[in-house]
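*Asks:* Sequence and predicted structure, then a few things I'm wondering about:
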Amino acid sequence: MHHRGPGTIDAFGQSAKRDMLMARLQPLDLEATTGRTRELLVWVRTELGMLPNVIRTIAHSPAVLEGYLGLNRALATGRLPAALREQIALTVAAVNRCAYCLAAHSALARMAGLSEEAIRDSRQGASPDRTVEAALDFACRVADQRGQVHDRDVARLRRAGYVDSDIAELVGQVALSIFTNYFAEVAGTAVDFPMVPDLGPLRRDPGARRGRP
């Protein structure tokens with residue numbers, strides 16, 4: 001989920017002039033929507049207590065909104081816990097350097113019960129829990145390598161206790177996160193969550209991310 005509001009620090013090294021640009025796609029006003037689109041937006045507002053700009057912008061296409069929320073809700077009924085899904089979203093947003101999604105999922109991660117330390121670790125693809133870190137490392141590799149992972153990457157997941165259904169959901173969560181990152185970037189969506197500091201490039205090696213040899 002990117003774009004920084006006027007007056008904020010350009011933490012991602014891009015031109016500060018971009019901060020002053022209007023969004024390429026404007027968020028829809030809830031009151032201007034009707035039918036199924038309005039139903040879905042009201043559902044999101046009820047669930048989150050707000051209606052994020054990226055959701056209101058996706059709503060320009062009812063088909064895309066329905067598909068996006070459908071996959072989101074389906075994954076929420078799966079085996080991966082909410083906290084891990086948010087950690088994956090943070091790792092993928094860090095890979096894609098998406099300021100909107102980093103801000104949004106930092107806030108959503110707090111709602112899911114993650115500590116500030118866990119949120120910062122997730123943005124580096126790291127966790128003191130080896131099982132969680134295996135999932136974040138895999139998510140990082142899938143996003144960074146465009147799905148072209150190695151047999152050893154899947155084997156590492158299996159050794160951490162993940163089964164085929166878990167791996168399928170991990171890929172689904174990465175794909176959902178990539179879509180939101182790309183959409184927010186293309187739309188130039190204004191951040192409507194508290195901004196988060198830049199932690200620098202995400203290091204790809206899990207041992208290096210946690211200072212291990």
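*Replies:* Nice, thanks for sending it over. If you're wondering where the values come from, they're calculated on a predicted model, not measured in any experiment. Numbering: from 1, shown residues only.

*Asks:* tell me the centre residue of this protein?
*Replies:* The chain has Ala89 as the residue nearest its centroid, 3.2 Å off, counting by CA atoms, centre = their mean.

*Asks:* Local confidence estimate at the closest residue to Gly172 other than its chain neighbours?
*Replies:* With CB to CB, 6 or more residues apart in numbering as the criterion, Gly172 has its nearest non-adjacent residue at 5.7 Å, and that residue is Leu75. Where C-beta positions appear, they are placed from N, C-alpha and C, glycine not excepted. If you check Leu75, the pLDDT there is 98.

*Asks:* tell me the contacts of Leu75?
*Replies:* Counting by CB atoms under 8 Å, 6 or more residues apart in numbering, Leu75 makes contact with Arg85, Glu169, Gly172, Gln173, Leu176.

*Asks:* Which of the helices or strands spans it?
*Replies:* Using DSSP states H and E, the element containing Leu75 is helix 62-76.

*Asks:* buried set for that helix?
*Replies:* Using 16 or more other CB atoms under 10 Å as the test for burial, helix 62-76 gives Pro62, Leu65, Glu66, Tyr68, Leu69, Leu75.

*Asks:* So which other helices or strands are in contact with the longest helix along the chain?
*Replies:* If you go by DSSP state H, the chain has its longest helix at helix 164-187. Secondary-structure packing of helix 164-187 (3 or more CB pairs under 8 Å, 6 or more residues apart in numbering; DSSP states H and E): helix 53-58, helix 62-76, helix 82-96, helix 99-111, helix 130-144, helix 151-159.

*Asks:* what about 7 Å?
*Replies:* helix 53-58, helix 62-76, helix 82-96, helix 99-111, helix 130-144 (3 or more CB pairs under 7 Å, 6 or more residues apart in numbering; DSSP states H and E).

*Asks:* Just the mean pLDDT for it, thanks.
*Replies:* Averaged over helix 164-187, pLDDT sits at 98.

*Asks:* repeat for stretch 193-213
*Replies:* For stretch 193-213, mean pLDDT is 67.

*Asks:* before we move on, what about stretch 90-106?
*Replies:* Across stretch 90-106, pLDDT averages out at 96.

*Asks:* Alpha carbons of it, as CSV, please.
*Replies:* Extracted C-alpha coordinates of stretch 90-106, given in CSV (Å, rounded to 0.1, in the frame of the first residue of the first chain):
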residue,chain,number,x,y,z
LEU,A,90,5.5,-5.5,5.9
THR,A,91,8.3,-7.6,4.4
VAL,A,92,6.9,-7.4,0.9
ALA,A,93,6.3,-3.6,1.2
ALA,A,94,9.9,-3.2,2.2
VAL,A,95,11.1,-5.2,-0.8
ASN,A,96,9.0,-3.0,-3.1
ARG,A,97,9.8,0.2,-1.2
CYS,A,98,6.1,1.1,-0.9
ALA,A,99,5.8,3.9,1.7
TYR,A,100,2.0,3.7,1.7
CYS,A,101,1.9,0.0,2.5
LEU,A,102,4.7,0.3,5.1
ALA,A,103,2.6,2.9,6.9
ALA,A,104,-0.7,1.1,6.5
HIS,A,105,0.6,-2.3,7.6
SER,A,106,2.5,-0.9,10.5
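
*Asks:* That's all I had, so thanks and see you.
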